[in-house]
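Engineer: model this:
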Amino acid sequence: MNNTLNRPIRVLVAKVGLDGHDRGAKVIATSLRDAGMEVIYTGLRQTPEMVVNAALQEDVDAIGISILSGAHMTVFPKIVAIMKEKQLTDVLLTGGGIIPDGDRKKLQEIGVGELFPPGTPMVSIVTYIEEWVVNNRNF
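Structural biologist: Now for the predicted structure:
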């Protein structure tokens, strides 16, 4: 692990809604695990509420949402709202999938972290999560 924490980084990887394409989420989960992170994969058809509740129960540093269904402008704002409601303000919300640049910028303006398109090198995702956690959850 390349982080300066004295503990592994914990990441929740989830698929929200009816999007049944989970290959990318499984590849990400495996890559994060191979990088020394503890990964909780919730599986398919999660609701935003289920994702945030699992993040709270598992005490994660980051939530990664894989979304290919086109529902990103509904899913991410709902998760952000629930995270704020449950005072989960020190956890990174990131993700990836097919998200147009304009939508990506709007989501980042409401508090979503970096959103990675298909084909992003795994090392970029791992480094981003490690740096964010070291800078924001260094305990």
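Engineer: how close does residue 120 get to residue 86?
Structural biologist: Per C-beta to C-beta, to the nearest Å, residue 120 is found 29 Å from residue 86. From N, CA and C alone the C-beta is placed, and that goes for glycine too.
Engineer: swap in residue 61?
Structural biologist: Residue 61 is 16 Å from residue 86, by C-beta to C-beta.
Engineer: so for the two, which sits in the more crowded spot?
Structural biologist: Set residue 61 next to residue 86 and count neighbours by other C-beta atoms under 10 Å: residue 61 wins out with 27 against 14.
Engineer: so where's this structure uncertain?
Structural biologist: For the chain, applying pLDDT under 70 flags the ranges 1-3.
Engineer: helix/strand/coil for the residue nearest to the spatial centre of the chain?
Structural biologist: Centroid-nearest residue in the chain: residue 64, 1.4 Å away (criterion: C-alpha atoms, centre = their mean). Judged by DSSP: H, G, I helix; E, B strand; the rest coil, the three-state class of residue 64 is strand.
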